[in-house]
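S.K.: I would like to see how this sequence folds:
(one chain, ligands or ions: 1)
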Amino acid sequence: ELDGFAHYMLKEIYEQPETIRNAMRGRLNRDSATAVFGGLNLTAQQLRTIDRIVLTACGTSWHAGLVGEYMLEAFARLPVEVEYASELRYRNPPLSSNTLLFAITQSGETIDTLAAMREVMRKGHPVLSICNVVGSTIARESDGGVYLHAGPEIGVASTKAFTSQCVVLALLALYFGRLHHLSYEAGLRVIDELEALPDQVEQALETNSDIRRIAGKYSRCNNFLYLGRQYNFPAALEGALKLKEISYIHAEGYPAAEMKHGPIALVDENTPSVFVVPRGGVYEKVLANMEEIKARGGPVIAIVNRGDEEAAEIADDVVHVPVVADFLQPIVTSIPLQLLAYHIAVLRGCDVDKPRNLAKSVTVE
Ligand code: M6R
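M.R.: Now for the predicted structure:
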């Protein structure tokens, strides 16, 4: 079943070009420049009246929700909030009558996500799920939803489910965008960018040997910072969670500019900072953040675009990923971050697929 891979996590990391293809299969329509879904169970008229979207989830799925928030705001100009399910279930927030909830979950069995969803449904709001496991409780109880079609995810650390969740959220952002103001041409551009993604993820996997070398250099460090901005802020959070979970190293993810407000006090020569810094609107700003870390003696590992020499000059180690549209950056940059956590965990002798104290799905409160 491992197909020659040493661990399920590594196998699942390598499946991503295919799982991303599966998440998009049959869902892109060039004629109308939009995404199509079989199971939303709500009409375009009903969805068009939605004026606020709440995304709820736990852990890695919550990070995908943050990516989705940026996408939905950019494409559909809808107000979006991302809530930890464990908080939402007890919070009793005021929800306007046209609020739609998405529950994002790989397993479809996470108890907090289920409880948050039931609470919002009880109040009469439509609830859709973004789920991997077909026929799971959340998939069955929601009003409708979108499956990831990523296949079974065995490693406790979520990898392929995360990238598929981001892809499905991009499809939904395209769909809601096209219900509102996104033009036909802009919709087609998004489709082109999505269709190019599986090959770009394939190229991002080619960073593996660089990452293994970098992992060897830093595997004995006990603290890491992960920093990124805009779409790459959730990627930084996700990179830090991966490292924590499987290598038991303390890691924190932050929006890169926040580090001046406290976390920079942690920086020393034994605390590497992993910068997620592909080119884009805030690129120069992140480089300035990188310089600040370097000035305080902190090692810098940077995930940059191919051909980027500016960032490479500041960083101690660089990993090159292909250039993609900004909304797809967290998908492509999360590949080397998954591999970094994996190789460090292996070097530290950790049980990668079954980390201590963790379960694949959290069905108790
Ligand atoms: O099955 P779910 O997506 O609802 O699970 C949510 C979290 O428990 C899960 O993402 C967890 O954080 C992973 N172990 C992260 O790798």
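S.K.: show me the contacts for the residue of the stretch 51-200 of the chain found nearest the ligand.
M.R.: The stretch 51-200 of the chain approaches the ligand most closely through Gly59 (1.9 Å), counting by Cβ to the nearest ligand atom. For the C-beta atoms, the positions are set from N, CA and C on the backbone; glycine is no exception. Neighbouring residues of Gly59 by Cβ atoms under 8 Å, 6 or more residues apart in numbering: 158, 241.
S.K.: per-residue pLDDT, it?
M.R.: Looking at Gly59, its pLDDT is 98.
S.K.: just Asn357 next, same as before
M.R.: 89.
S.K.: Nearest residue to the most centrally placed residue in the chain in space, please, no chain neighbours.
M.R.: The residue lying closest to the centre of the chain (Cα atoms, centre = their mean) is Ala64, at 3.8 Å. Leaving aside its sequence neighbours, Ala64 sits nearest to Gln165 (Cβ to Cβ, 6 or more residues apart in numbering; 3.6 Å).
S.K.: Does that neighbour belong to a helix, a strand or coil?
M.R.: Secondary structure assignment for Gln165 (DSSP: H, G, I helix; E, B strand; the rest coil): helix.
S.K.: hang on, the earlier thing: now name the helix or strand holding the residue nearest to the centre of the chain.
M.R.: Using DSSP states H and E, the element containing Ala64 is helix 59-76.
S.K.: Any part of the helix or strand following that helix near the ligand?
M.R.: Proceeding N to C from helix 59-76, the next assigned helix or strand is strand 80-84, under DSSP H and E. No. Interface with the ligand: strand 80-84 contributes nothing (Cβ under 6 Å from any ligand atom), its closest point being 10.6 Å away.
S.K.: how about the strands in this protein?
M.R.: Taking DSSP state E as the test, the strands found in the chain are 28-29, 34-35, 52-57, 80-84, 99-105, 127-131, 144-147, 223-228, 250-255, 273-276, 300-305, 317-321.
S.K.: quick one, what contacts the residue nearest to the centre of the chain?
M.R.: 57, 104, 162, 165-166, 169, 234.
S.K.: Val332 too?
M.R.: Applying Cβ under 8 Å, 6+ apart to Val332 gives the contacts 197, 200-201, 204, 278, 321-322, 324.
S.K.: would you list those in TSV and tack on pLDDT, neighbour count and distance to Gln338?
M.R.: Output for the contacts of Val332, formatted as TSV (pLDDT from 0 to 100; neighbours: other Cβ atoms under 10 Å; distance: Cβ to Cβ, whole Å):
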residue	pLDDT	neighbour count	distance to Gln338
Leu197	98	25	16
Gln200	98	19	15
Val201	98	25	11
Ala204	98	25	10
Pro278	95	28	16
Val321	98	26	12
Pro322	98	19	16
Val324	98	23	17
